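**Student:** Coordinates for the following, if possible.
(one chain, ligands or ions: 1)
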Amino acid sequence: MRNKFYRFTNGIAFKTWMYYVIFSLCILLLLLVFQIILFEPYYQNFKTKDIKKIVNSIANNIQDDLSIQTITINNDGCSVIVRPDKSKKGIDAIGMSCLIYNNGKIDSTYLDELKNSETGEIRYIAEVEGSQEMLIYGKTFYTEEEKPYYVIFNTPIKPLKSTIQIMRNQFVIIAGLVLLLSLWISIYFSRRLTKPITNITKEAKKLSTGSYDVHFEKGEFKEVNDLAETLNYTSKELSQIDELRKDLIANVSHDIKTPLTMIKAYAEMIRDISGSNKKKRNEHLDVIISESEYLDRLVSDMRELSKMQAGVNELNLTDFDLGSIIKDTVYKFKTITKEEQIHIEVDIEPELVCHADRTKIKEVLYNFIGNAIKHYGEDKKVIVKAFLTNKNMIRIEVTDHGNGIEPHALNHIWERYYKVDKHYQRAHSGTGLGLAISKEILEQHHAIYGATSEIGKGSTFYFELPQVII
Ligand code: ADP
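**Tutor:** Numbering: from 1, shown residues only. Got it, this is the predicted structure:
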């Protein structure tokens, strides 16, 4: 229960709603402070500034009755002035409601206040009949001879109380509407955001149980789309890795089991049948030895490939002549070519110097030539060519005229454990790793490589390395 509550309050939906509400409340608070609480003082302040200007302009025209009258009438108020010679004057443009001058008489209360004021200013807001408010402002001025004169101005200000009450009522409605709207927007928005994420989580849970038949749906947000895309890619990769793992286990166990069965069977044969027959026993021992050699090769190949894929194997780069290592490699096959009467034709241009790992390139050559010998054609011929292309690349081609490789298989031969003929054949018991190792080596060298093949006509395996000019 607590956990459910925790999950809900930490979910996107709740958090979005919460932030929306906080945001709306902040705006409402600002509105409340500025529109309602500060509205009245702001207005009064504004009006005071106005009235100060009027008082100043009256003071500037203190001797000019006409100007004072015009200013008072234009500003919809009434004024009282006491000139430097102490003569008093009152002008009224608002009639009865004037508080400082009424019925031709100056009310001395405000005038006395002003005279006694320490600041030389007075400012009052007074309420008259009804809800009418009056603003009174007075200021003491001085002539050059330091003689004082006084100006008081009185103007009605708009009754704000009812306006503020209306605004308060409206504010309650606005606040309610804003909160409702924020609730609706946050629910709508968080649904749109959480829906694809919930779907993604559901699919990811499936993925975690090892089911790769999943699809991460995209939403309308870029970030969610990126996540869905990455997860789709990951699940595809994982499924391929899983396939590979299954294949790998099947292949490795098959490749190890078959020679082990042979070794066991032949050892039993020696024990039970051929132990005393030297010729037969040697024949059986040869099978055991060759199967053990195969196992040895398989384990070494597996170790080398995994080392290379883990990036443990560093390249030992030197400049060397490719021609000489081709000759060395071809020489290694002397016994088998002699036995099977296979002819290796070597066509090498002179001075083909490259910058590479000698031992590793030799291994690639060994794999290519070894494969060509395994798949020789009727002419029993393998052709090894090395020449310079017009792009200053040294190109090595190993060609046989054997059965060739089906186009669909041609795309897979570089994968580990891939064998065109899945049946175990004693005569051609490759580990299925030769080309995968060659591919790793050539890619480490950033070499161009590939194979072309035609069914019934044979295959050519090639790679290219840049020529080093000495
Ligand atoms: P293996 O050690 O089993 O030969 P490779 O990785 O060297 O494994 O080769 C992968 C697959 O490519 C093998 O099944 C092999 O039959 C096929 N292959 C390689 N070279 C040739 C070739 N010259 N002609 C026909 N098939 C080939």
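
**Student:** what sits against the nearest residue to residue 142 once chain neighbours are set aside?
**Tutor:** Closest residue to residue 142 apart from its sequence neighbours, by Cβ to Cβ, 6 or more residues apart in numbering: residue 148 at 5.7 Å. To be clear about C-beta, it is placed using only N, CA and C from the backbone, and glycine gets the same treatment. Shown here is residue 148, whose contacts under the criterion Cβ atoms under 8 Å, 6 or more residues apart in numbering are 84, 115, 140-142.

**Student:** ok, now with 10 Å
**Tutor:** Residue 148 makes contact with 82, 84, 86, 114-115, 120, 140-142 under the criterion Cβ atoms under 10 Å, 6 or more residues apart in numbering.

**Student:** repeat for residue 39
**Tutor:** Counting by Cβ under 10 Å, 6+ apart, residue 39 makes contact with 33, 160, 163-164, 167.

**Student:** same thing but at 8 Å, please
**Tutor:** For residue 39, the contacting residues are 160, 164, 167, by Cβ under 8 Å, 6+ apart.

**Student:** From the chain's centroid, how far away is the helix or strand harbouring residue 57?
**Tutor:** With elements delineated by DSSP states H and E, residue 57 resides in helix 39-60, which encompasses its position. The gap between where helix 39-60 is centred and where its chain is centred comes out at 59 Å by Cα atoms, centre = their mean, to the nearest Å.

**Student:** Toward the C-terminus, what is the element adjacent to that helix?
**Tutor:** Under the assignment DSSP H and E, the closest C-terminal helix or strand after helix 39-60 is helix 65-74.

**Student:** what about the closest residue to the ligand within the chain, how many residues close to it?
**Tutor:** Checking the chain residue by residue against the ligand with Cβ to the nearest ligand atom singles out residue 430 as nearest, at 2.3 Å. A total of 20 residues lie near residue 430 under the criterion other Cβ atoms under 10 Å.

**Student:** With residue 160 instead?
**Tutor:** Applying other Cβ under 10 Å, we find 15 other residues in the vicinity of residue 160.

**Student:** List the contacts of it.
**Tutor:** The neighbours of residue 160, taking Cβ under 8 Å, 6+ apart as the test, are 39-40, 43, 133.

**Student:** redo that, cut-off 10 Å
**Tutor:** Going by Cβ under 10 Å, 6+ apart, the list of residues near residue 160 reads 39-40, 43-44, 131, 133, 167.

**Student:** that older thread, by neighbours, which of the contacts of residue 148 wins?
**Tutor:** Neighbour counts for those were taken using other Cβ under 10 Å; the highest belongs to residue 114, which has 23 neighbours.

**Student:** Quick check: which element contains that one?
**Tutor:** With elements taken from DSSP H and E, the one containing residue 114 is helix 108-116.

**Student:** Can you name the next helix or strand after that helix?
**Tutor:** With DSSP H and E, the next secondary element past helix 108-116 is strand 121-127.

**Student:** Name the surrounding residues that touch that next one.
**Tutor:** Counting contacts by Cβ under 10 Å, 6+ apart, the residues touching strand 121-127 from outside are 40, 44, 47-48, 51-52, 55, 99-100, 109-117, 132-140, 150, 152, 154, 157, 159, 161.

**Student:** does residue 405 count as helix, strand or coil?
**Tutor:** coil (DSSP: H, G, I helix; E, B strand; the rest coil).

**Student:** Same question for residue 153.
**Tutor:** If you use three-state DSSP, then residue 153 falls in the strand class.

**Student:** List the contacts of it.
**Tutor:** Residues in contact with residue 153 (Cβ under 10 Å, 6+ apart) are 50-55, 58, 71-72, 75, 77-81, 91, 100, 135-139.

**Student:** okay, the angle between the helix or strand containing residue 166 and helix 39-60?
**Tutor:** Secondary structure from DSSP H and E places residue 166 in helix 161-208. Angle between the axes of helix 161-208 and helix 39-60 is 140 degrees (criterion: axes from the mean of the first three to the mean of the last three Cα atoms, to 10 degrees).

**Student:** Next SSE downstream of helix 161-208?
**Tutor:** Stepping forward along the backbone from helix 161-208, the first helix or strand reached (DSSP H and E) is helix 222-272.

**Student:** Would the next helix or strand after that next one count as contacting the ligand?
**Tutor:** Toward the C-terminal end, the helix or strand that comes next after helix 222-272 (DSSP H and E) is helix 278-309. No: no part of helix 278-309 sits close enough to the ligand to count as contact by Cβ under 6 Å from any ligand atom; the gap is at least 7.9 Å.

**Student:** angle of helix 278-309 against helix 222-272?
**Tutor:** Counting by the same axes, to 10 degrees, helix 278-309 lies at 160 degrees to helix 222-272.

**Student:** buried set for helix 278-309?
**Tutor:** Of the residues in helix 278-309, those buried under the neighbour-count criterion (16 or more other Cβ atoms under 10 Å) are 281, 284, 287-288, 291, 294-295, 298, 301-302, 304-305, 308.

**Student:** now swap in stretch 360-370 and tell me
**Tutor:** Neighbour-count burial for stretch 360-370, counted by 16+ other Cβ under 10 Å, picks out 360-370.

**Student:** roughly how far apart are residue 401 and residue 380?
**Tutor:** When Cβ to Cβ, to the nearest Å is the yardstick, residue 401 and residue 380 sit 9 Å from each other.

**Student:** Which residue of these two possesses the greater neighbour count?
**Tutor:** Between residue 401 and residue 380, counted using other Cβ under 10 Å, the more crowded position is residue 401 (20 against 16).

**Student:** ok, back up a step: for the residue of the chain closest to the ligand, list the residues it contacts.
**Tutor:** Contacts were defined as Cβ under 10 Å, 6+ apart; by that measure residue 430 touches 255, 294, 297-298, 301, 367, 370-371, 374, 419-421.

**Student:** In JSON lines, list those residues along with pLDDT.
**Tutor:** As requested, these are arranged in JSON lines below (pLDDT from 0 to 100):
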{"residue": "255", "pLDDT": "75"}
{"residue": "294", "pLDDT": "85"}
{"residue": "297", "pLDDT": "85"}
{"residue": "298", "pLDDT": "83"}
{"residue": "301", "pLDDT": "83"}
{"residue": "367", "pLDDT": "93"}
{"residue": "370", "pLDDT": "93"}
{"residue": "371", "pLDDT": "93"}
{"residue": "374", "pLDDT": "91"}
{"residue": "419", "pLDDT": "70"}
{"residue": "420", "pLDDT": "68"}
{"residue": "421", "pLDDT": "63"}
